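*Asks:* predicted model and sequence follow; I will ask about them next.
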Amino acid sequence: RTSRAGVEEEMEPSEETQAYLKREFARFLEEQHGNVNYDKAIEELIARGDRRLPIDLNLLRSFDPDLANGLLRDPAEYLTSLREAVFEVIGVKDPKFLSSGEVHITLTGGFGFHRISPRELLSPFLGKIVNVEGIVTKCSCVRPKVAKTTHFCEATGSFVTREYRDVTSAKGMPTSTVYPTKDESGNLLTTEYGLCSYRDHQSFSMQEMPESAPAGQLPRSIDVVLEDDLVDLCKPGDRVSVVGIYKAIPVRSVGAGQSGVFRTVLVALSLYQLSKEVAAPALSHEDIKNINELPRRLDPKTLLALLGKSFAPSICGHENIKRALILLLLGGSEKNLKNGTHIRGDINCLMVGDPSVAKSQLLRCVLGVAAYAVSTTGRGSSGVGLTAAVTTDQDSGERKLEAGAMVLADRGVVCIDEFDKMNDADRVAIHEVMEQQTVTIAKAGIHASLNARCSVVAAANPIYGNYDHSQGVTRNINLPDSLLSRFDMLFIVLDQSDTKVDRAISSHVLGMHSSEKQVFSTKAILQRDTALVQNNTETESSMYLAHNAGVEVLSKRFLQKYLYYAKHRPWQPALTKEAEGFIAEQYSQWRVDKAADSRNRRTLPITARTLETMIRLSTAHAKMRMSKSVDIVDATVAIEIMRLVVEAEGLAVPNAVELEDGNEENETMLEAPETQQNGPGPGVSNLPTGISRSKFVVFQRRFPDLMFHRESIPMDELCSSAASWLEDGSFTRSDVENIVSHMQGINKLL
């Protein structure tokens with residue numbers, strides 16, 4: 001800068017600085033920066049009619065580091081000069097363009113330590129430009145704010161204009177908000193509202209990301225002020241990144257300013273929507289190699305069992321529920337049809353059972369493994385707290401829309417503990433979220449529809465505290481059928497007394513307590529954080545080897561990466577014809593069984609939602625295998641899990657702690673009848689001569705369907721029907737006659 005005495009007298013230091021900065025910024029706009037030419041960018045902006053010019057901080061930093069740092073630290077001086085330089089270039093190219101509206105500057109690129117969360121937004125950043133990321137919780141309506149008024153004086157016939165600025169304005173001191181009623185001579189003034197200019201104004205509250213908030217502390221929030229073309233770019237539940245100036249504004253109430261504490265707001269310069277996958281884990285080449293190797297090295301059954309064990313290694317048993325929760329975290333395929341129909345891909349799960357069967361611990365495991373999860377309890381949350389609420393702003397008195405837990409958990413998981421303790425009125429609010437996956441609000445003149453595309457995992461106790469075996473499932477749960485059918489999976493977890501099971505659980509718990517010191521030692525924690533996978537599978541700590549030596553489980557971080565990678569493949573698995581037929585056959589079979597046993601209220605309702613659940617679980621299993629198609633093997637696993645949910649015999653199965661030597665029976669549950677061993681099995685006392693056990697089981701299972709609503713059947717029709725029950729058609733007439741005579745002998749037929 002020049003230091004000549006004549007110039008010093010003519011220009012104030014601030015004006016001299018402004019002129020120097022304006023020259024430097026004009027030079028920056030004229031020069032070519034690699035592929036970017038701002039002179040050309042401004043021409044394109046005028047041609048498109050846009051009102052926002054993005055300036056890359058990285059390019060400005062390489063041009064002059066002092067300009068970039070000054071822009072972040074002193075926006076009042078530097079940003080004003082940058083605006084004037086841009087206006088000058090636009091004025092040369094198209095003088096009329098600025099008369100139709102103001103052009104705004106948007107900053108992009110690297111912000112360094114100015115990129116922070118609302119928790120780190122402290123006093124050193126006041127008056128500086130910051131980049132803050134968070135989730136929108138409240139949103140006000142868009143209101144016009146007066147920028148310039150025009151008043152007409154009838155006595156003199158002249159017009160008087162007055163500009164208005166508040167604390168959020170970019171330049172100049174705030175002005176009085178009082179409209180002038182008289183001019184200097186005392187003549188009356190009339191406000192010409194048609195000649196006044198206004199700008200759109202909106203404010204919203206932004207909260208730090210739930211996954212980045214420290215546990216046990218309240219999440220911090222900051223109020224953001226939007227103006228002009230930035231309004232209405234976001235709604236509650238959206239994740240946004242805001243670049244703006246952090247300002248302190250005086251509090252309106254009388255005496256509040258005396259204490260020296262001011263309210264702070266973020267005046268936005270730009271706003272960007274973030275994708276929902278902010279919590280995505282960082283994947284290295286080594287991780288991707290290990291992830292792709294697992295499905296190749298292990299068959300699907302072993303892989304799902306390994307993922308289930310790794311999901312909650314500290315919980316003994318519950319293998320079926322763990323496998324089901326792994327599929328829930330992977331999720332099915334969401335469908336948005338051309339006619340506007342939305343078919344959800346998220347899977348919902350409800351666990352009902354006796355106290356102390358690790359229901360809440362399983363919810364905690366879901367919270368720990370899911371990329372993004374929100375936790376609530378039944379008694380501690382109301383219906384509007386889960387969906388959305390309309391609140392009144394204390395300062396302006398206007399209505400604001402505030403998002404609830406399910407809206408904030410969009411594209412994530414909601415865990416609701418003590419689900420049975422919720423009021424009926426609050427529980428009804430969840431119905432729409434669980435099927436349509438939206439929250440529709442029509443309150444206080446606000447009509448809005450917010451997205452809530454989340455999976456719901458709930459845990460509840462039976463109505464009597466403990467499960468009453470003399471009552472049916474629906475009597476024990478005390479939830480309406482409309483809500484139960486929205487839960488894809490319902491697990492009834494029983495605390496049954498069994499010496500073998502009790503010994504396994506006690507050795508597991510004692511093993512955990514005996515190795516407690518190793519878990520919390522510094523060495524173990526460091527190893528657990530640095531090593532993601534050890535020999536492709538890693539024992540999370542040595543305590544899992546205490547009672548079950550040699551069993552390897554994946555580390556929690558590697559499991560998160562595997563689930564994230566498998567869920568976000570660029571393709572959606574497609575159903576094959578074989579899998580379609582298999583699922584449809586099983587669904588129709590369950591419907592027939594339900595109709596035949598309609599008076600028995602012990603089982604759950606079988607609806608079209610059950611069919612959709614089977615498709616979702618099959619798709620999730622195909623994702624786990626990294627497969628592009630849903631095959632018979634996927635449908636088999638889905639039906640195996642659904643069998644525990646649907647059939648009354650399976651109700652006690654989920655809690656049975658499956659020891660290593662007791663797995664064989666479950667594994668053969670869905671094998672083809674031909675592969676099952678001959679010889680008497682459970683429910684088959686003595687077999688007819690010359691008939692294999694598999695044939696007899698198939699006949700016993702299919703014969704009641706054939707006789708549904710019939711009292712008698714001709715022998716020829718029975719033989720022809722039986723021939724179609726096995727693929728090889730190996731039911732001969734003599735086989736059928738043998739089985740019929742045998743069943744007559746044991747009083748099963750008349």
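*Replies:* Now that the structure is in, tell me what you want to look at. Since we're looking at a predicted model, the values are computed, not measured.
*Asks:* wait, F311 sits on L325?
*Replies:* Yes. Under the contact definition of C-beta atoms under 8 Å, F311 touches L325, with a separation of 6.3 Å. Just so you know, the C-beta spots here come from the backbone N, C-alpha and C atoms, and that holds for glycine as well.
*Asks:* mutual contacts of those two, please.
*Replies:* Jointly contacting F311 and L325 under the rule C-beta atoms under 8 Å, 6 or more residues apart in numbering are C365.
*Asks:* of those two, who's got more company?
*Replies:* L325 (29 against 25; other C-beta atoms under 10 Å).
*Asks:* isn't there a helix covering that one?
*Replies:* Yes. Counting by DSSP: H, G, I helix; E, B strand; the rest coil, L325 is located in a helix.
*Asks:* residues contacting it?
*Replies:* 308, 311, 349, 362, 365-366, 457.
*Asks:* if you set the cut-off to 7 Å instead, what comes out?
*Replies:* L325 makes contact with 311, 349, 362, 366, according to C-beta atoms under 7 Å, 6 or more residues apart in numbering.
*Asks:* ok, now R364?
*Replies:* Contacts of R364 (C-beta under 7 Å, 6+ apart): none.
*Asks:* now the helix or strand hosting it: average pLDDT?
*Replies:* Per DSSP states H and E, R364 falls inside helix 359-369. Helix 359-369 carries an average pLDDT of 85.
*Asks:* pull out the buried positions in it.
*Replies:* Using 16 or more other C-beta atoms under 10 Å as the test for burial, helix 359-369 gives 359, 362-366, 369.
*Asks:* ok, and what's touching the following helix or strand past that helix?
*Replies:* For helix 359-369, the following helix or strand on the C-terminal side (DSSP H and E) is strand 373-377. Defining contact as C-beta under 7 Å, 6+ apart, one finds that strand 373-377 is touched by 210, 366-367, 386, 405, 408-409, 412-418.
*Asks:* of these, buried ones?
*Replies:* Of the contacts of strand 373-377, these count as buried by 16+ other C-beta under 10 Å: 210, 366, 386, 405, 408-409, 412-418.
*Asks:* re earlier: from the contacts of L325, pick the one nearest P75.
*Replies:* P75 lies nearest to V366 out of the contacts of L325, by C-beta to C-beta, at 43.9 Å.
*Asks:* that closest one and Y372, how far apart?
*Replies:* 11 Å (C-beta to C-beta, to the nearest Å).
*Asks:* which residues in the stretch 1-150 of the chain form helices?
*Replies:* 5-10, 13-30, 38-48, 57-63, 65-73, 75-93 (DSSP state H, counting those that start in this stretch).
*Asks:* what's the closest of those to D498?
*Replies:* helix 57-63 (65.6 Å).
*Asks:* mind checking how far that closest one is from the chain centre?
*Replies:* 37 Å (C-alpha atoms, centre = their mean, to the nearest Å).
*Asks:* hang on, the earlier thing: looking at the contacts of strand 373-377, which are in strands?
*Replies:* Among the contacts of strand 373-377, DSSP state E puts 413-417 in strands.
*Asks:* would TSV of those with pLDDT and distance to R73 be doable?
*Replies:* Below are the ones in strands among the contacts of strand 373-377 laid out as TSV (pLDDT from 0 to 100; distance: C-beta to C-beta, whole Å):
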residue	pLDDT	distance to R73
V413	87	41
V414	88	42
C415	88	43
I416	87	46
D417	87	47
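*Asks:* can you list those in TSV and add distance to L98?
*Replies:* Shown next, in TSV, are the ones in strands among the contacts of strand 373-377 (distance: C-beta to C-beta, whole Å):
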residue	distance to L98
V413	50
V414	49
C415	54
I416	55
D417	58
